[in-house]
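got a predicted structure here, sequence first:
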Amino acid sequence: MAETVLVLNAGSSSIKFELFEIGPQDRLASLFAGQIEGIGVRPRLLARTRAGAVLAERTLPREEANDVEGAMAVVERFLDETLDAPPIAAGHRVVHGGPVFSAPVAIDEEVLATLETFVPLAPLHQPYNLALVRALRRSRPDLFQVACFDTAFHRGHPALADCFALPDWLWEEGVRRYGFHGLSYEYVAARLRELDPELAEKKVIVAHLGSGCSMCALRGGKSVESTMGFTALDGLPMGTRPGQLDPGVVLYLAAAKGMDPEAIQHFLYHDCGLKGLSGISNDLRVLLSSADPKAAFALEFFVYKIAQMTGWLAAALEGLDGFVFTAGIGENSPTIREAVAHRLRWLGMELDPHANAAHGPLVSTPASRVRVYVVPTDEELVIARHTLALLRRGGDRR
Ligand code: AMP
């Protein structure tokens, strides 16, 4: 069997993993992907090939995957059983690279210590990302590990895009607009260069619409603005997060409702967005199939905000030539794509119904002033590519 690269993405109660085989000229092909979910509660291991064949599906005794370290040990045993040789490198999705990291980095103790300082910037993600790195460093001290950041793709923004109208000391402390979903945007920008090289050089907005939602303005394939800011709460409404919100609402929750920071954080991350607004579900498929007027209103609000943010990003770009839909909703819902395009018809956007129903890749009509694509994202492949590239370069740090 060829050598492999392991890609890891740790959440609060799950570890997702994907294994890539290294082919000729270092081309990477997915062998299988899996996850352990319900860590510490009711852990389950599931692994499938990209074609959907089930390799493992079992509930684990709770004590076997009580925390990230235990769950990683289960993943390692599964890999040992499945592979002839262990992976030669592991790439991690790490949500926050702070103001420091503008590219993937080989992990050592010094890097880890720096990444720990960004925990307050992403308290719901960063601790789990780093706990997984540490667990793997203990079990496989010689394994080459790389951190790939959701923020890195946006690090080239002008200061105008990154700052808040706040005193300078907060900027110095790292209170800036970072932007997230960068690994997804990096993949989409590269794929667009293959699909439509002429358009990729121009002004393009990418809408990453999944359980988390954001939009990114690209000029010549580089990020110049993002709807997400200091945290992954800003911008578009999402499954359970509100998106753009007057900070006065947060003050109201604290002062008038007596909610402490932890309660507010939980509320904003878990009880708002499409779920909060509809009172029905965070899952777009449930809302699309519901006859409840509240579901219809939540969907209309979602589409309205996507259209509004398009105007906001087009102003940053000073024009618009292309628009790309990606992630769970963007890739799979012709209904949402059509509703967004309809709201943006004043920009000259027009979709071809047949191409839209078939998910593209090109879904706009020849007459449309804005060319519209559907591009399935692949953040794991981006991580695997960076990890292998850094390994081949001898693991030098940037
Ligand atoms: P992601 O986080 O990219 O995996 O996207 C997850 C979200 O995509 C889910 O919460 C669903 O709401 C949405 N989704 C997945 N499949 C479809 C579909 N066929 N139509 C509409 N929404 C979908």
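Perfect, thanks for sending it.

for His208, see how far away the residue of the stretch 51-200 of the chain found nearest the ligand is.
Here the residue of the stretch 51-200 of the chain nearest the ligand is Ser184; by C-beta to the nearest ligand atom that distance is 8.6 Å. Every C-beta, even on glycine, is put in place using the N, C-alpha and C of the backbone. For Ser184, the distance to His208 (C-beta to C-beta, to the nearest Å) stands at 5 Å.

the two: which is more packed in?
Comparing Ser184 with His208 by other C-beta atoms under 10 Å, the one with more neighbours is His208, at 29 against 24.

for the stretch 101-250 of the chain, what spans make up the strands?
Taking DSSP state E, counting those that start in this stretch as the criterion, the stretch 101-250 of the chain carries its strands at 105-106, 144-149, 203-209, 213-219, 222-226.

and this structure, what are its domains?
Domains of the chain are assigned by automatic domain parsing as 4-149, 197-379.

circling back to that earlier point, is it true that the residue of the stretch 51-200 of the chain closest to the ligand touches Thr377?
Yes - assessed by C-beta atoms under 8 Å, Ser184 is found in contact with Thr377 at 4.4 Å.

overlap in contacts of the two?
By C-beta atoms under 8 Å, 6 or more residues apart in numbering, Ser184 and Thr377 have these common neighbours: 208, 326-327.

and those residues as a markdown table, adding pLDDT?
Shown next, in a markdown table, are the shared contacts of Ser184 and Thr377 (pLDDT from 0 to 100):
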| residue | pLDDT |
| --- | --- |
| His208 | 98 |
| Thr326 | 98 |
| Ala327 | 97 |
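
and Gly395, what's its pLDDT?
pLDDT for Gly395: 62.

swap that for Ala207, sorry
pLDDT, Ala207: 98.

tell me who's in contact with it.
The contact partners of Ala207, by C-beta under 8 Å, 6+ apart, come to 213, 215, 306, 310, 323-326, 330, 340.

rerun that using 7 Å as the cut-off
Residues in contact with Ala207 (C-beta atoms under 7 Å, 6 or more residues apart in numbering) are 215, 306, 324-326, 330.

can you check Asn66 too?
Shown in contact with Asn66 (C-beta under 7 Å, 6+ apart): Gly40.

burial count for the residue lying closest to Ala327 once chain neighbours are set aside?
Closest residue to Ala327 apart from its sequence neighbours, by C-beta to C-beta, 6 or more residues apart in numbering: Gly210 at 3.4 Å. Here the number of neighbours of Gly210 (other C-beta under 10 Å) works out to 19.

separation between the most far-flung residue of the chain relative to its centre and the ligand?
Farthest-out residue of the chain from its mean C-alpha position, per C-alpha atoms, centre = their mean: Ala256, at 34.0 Å. As judged by C-beta to the nearest ligand atom, to the nearest Å, Ala256 and the ligand stand 32 Å apart.

buried residues in stretch 215-225?
215-219, 221, 223-225 (16 or more other C-beta atoms under 10 Å).

before we move on, what about stretch 175-185?
176-185.

which stretches of the stretch 51-200 of the chain aren't confidently modelled?
The stretch 51-200 of the chain contains no residues with pLDDT under 70.

separation between whichever residue of the stretch 101-250 of the chain sits closest to the ligand and Met238?
Relative to the ligand, the nearest point of the stretch 101-250 of the chain is Gly210 (2.5 Å; C-beta to the nearest ligand atom). Distance from Gly210 to Met238, counting by C-beta to C-beta: 8 Å.

adding secondary structure and distance to the ligand, write the contacts of Ala207 out as TSV.
Supplementary listing: the contacts of Ala207 in TSV, determined by DSSP: H, G, I helix; E, B strand; the rest coil; distance: C-beta to the nearest ligand atom, whole Å:
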residue	secondary structure	distance to the ligand
Met215	strand	14
Ile306	helix	14
Val324	strand	14
Phe325	strand	11
Thr326	strand	8
Gly330	helix	8
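
got the contact list for stretch 331-348?
By C-beta under 7 Å, 6+ apart, the residues outside stretch 331-348 that reach it are 284, 288, 303-304, 306-307, 310, 320, 325, 329, 349-351, 356-357, 359, 363, 368-370, 372, 374, 376.

distance check, the closest residue to the ligand within the stretch 251-398 of the chain against Leu130.
For the stretch 251-398 of the chain and the ligand, the shortest gap (C-beta to the nearest ligand atom) falls at Gly328, measuring 2.0 Å. According to C-beta to C-beta, Gly328 stands 26 Å off from Leu130.

more neighbours, these two?
Per other C-beta under 10 Å, whichever of Gly328 and Leu130 has more neighbours is Leu130, with 22 against 19.

OK, contacts around the more buried one?
Residues near Leu130 by C-beta under 7 Å, 6+ apart: 112, 115-116.

from the residues you listed, which ones fall inside helices?
Residues from these lying in helices, with DSSP state H as the criterion: 112, 115-116.

His342: neighbouring residues, count only.
Around His342 there are 13 residues (other C-beta under 10 Å).

one step back: so what's the residue nearest to Ala327 up against?
327-329.

narrow those to those in helices?
Within the contacts of Gly210, membership in helices is found for 327-329, as judged by DSSP H.

and which of these is nearest Ile39?
Set against Ile39, the nearest of those by C-beta to C-beta is Gly328 (22.3 Å).

of all the buried residues of stretch 215-225, which two lie farthest apart?
Met215 and Gly221 (15.7 Å).
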